[in-house]
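Colleague: give me a model of this one.
(one chain, ligands or ions: 1)
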Amino acid sequence: MTIAIYPGSFDPITYGHIDIAERSSKIFDKVFVALLNNKEKNPMFSIEERLDMIKTSLKHLSNIEVCSYTGLLVDLAKEKNAKIIIRGLRAVSEYEHEIQMAHTNTILNDEVETLFMTTDLKYSYLSSSLVKEVASFGGDITHFVPDFVEEKLKNKFVEINK
Ligand code: PNS
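Modeller: Now for the predicted structure:
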């Protein structure tokens, strides 16, 4: 049984993330979509809100389990018995940081492999930060996130602008 982890901040989950999760679920027997619980990143959505959005977005995928983690990704991999870390790659500009993380993880645990998956061309421009920026100015984000995520973003900005 091949178990993989697809980690990230998912603040919030976008169609780009959903696409990687869907394609991963076809390749691996089990995929843990793992949300990093890291206060340093100053996320817009709480862990609970993000977990809820991820679970709702991926509920159609039976071999996906959503979880959160604190600390090192390789420790989570060990705990979940996962030998593969999946990362989506959008552009060459991301490569440097991603390869740094992949090498670090290999040094920490050489039983874990990082596999890069190219994002679908139609989502290659998409990022959670851009979605938040567009939403903050009341722009249309229907092409970027599912409708329940769009709703959450709108409500968040109403709260912030109160
Ligand atoms: O969506 P992101 O923010 O690009 O994801 C980055 C993430 C969460 C995969 C990465 O920062 C992570 O796993 N951090 C946990 C701490 C850790 O293991 N660091 C060492 C090598 S990355």
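
Colleague: what residues does this structure have near the ligand?
Modeller: Pro7, Gly8, Ser9, Leu36, Leu72, Leu73, Met101, Thr104, Asn105 (CB under 6 Å from any ligand atom). C-beta coordinates here come from the backbone N, C-alpha and C atoms, glycine included.

Colleague: out of those residues, which comes closest to Asp19?
Modeller: Nearest to Asp19 among the residues of the chain next to the ligand, counting by CB to CB, is Gly8 at 13.1 Å.

Colleague: ok, how many other residues are close to the closest one?
Modeller: Look at Gly8: counted by other CB atoms under 10 Å, it has 20 neighbours.

Colleague: give me the distance between it and Ser136.
Modeller: From Gly8 across to Ser136, the span is 21 Å (CB to CB, to the nearest Å).

Colleague: rewinding a little: in strands, which of the residues of the chain next to the ligand appear?
Modeller: Counted as lying in strands by DSSP state E, out of these, are Pro7, Gly8, Leu36.

Colleague: columns pLDDT on top of those residues, output as JSON lines?
Modeller: As requested, those are exported to JSON lines (pLDDT from 0 to 100):
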{"residue": "Pro7", "pLDDT": "98"}
{"residue": "Gly8", "pLDDT": "97"}
{"residue": "Leu36", "pLDDT": "97"}
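
Colleague: strands along the protein, start to end?
Modeller: 3-8, 30-36, 64-69, 84-89, 113-118.

Colleague: my read: Phe45 touches Phe157, true?
Modeller: No: Phe45 lies out of contact with Phe157 (CB atoms under 8 Å); the separation is 12.0 Å.

Colleague: okay, those two: which has more neighbours?
Modeller: Phe45 (21 against 16).

Colleague: show me what contacts the more buried one?
Modeller: Neighbouring residues of Phe45 by CB atoms under 8 Å, 6 or more residues apart in numbering: Asp11, Pro12, Met53, Lys152, Lys156.

Colleague: repeat the analysis, applying 7 Å as the threshold.
Modeller: Asp11, Pro12 (CB atoms under 7 Å, 6 or more residues apart in numbering).

Colleague: His143 versus that one, what's the distance?
Modeller: Distance from Phe45 to His143, by CB to CB: 20 Å.

Colleague: cool, and Ala135?
Modeller: From Ala135 to His143 the distance is 12 Å (CB to CB).

Colleague: and the longest helix belonging to the chain, what other elements does it pack with?
Modeller: Longest helix in the chain by number of residues (criterion: DSSP state H): helix 92-108. If you count contacts as 3 or more CB pairs under 7 Å, 6 or more residues apart in numbering; DSSP states H and E, helix 92-108 packs onto helix 73-80, strand 84-89, strand 113-118.
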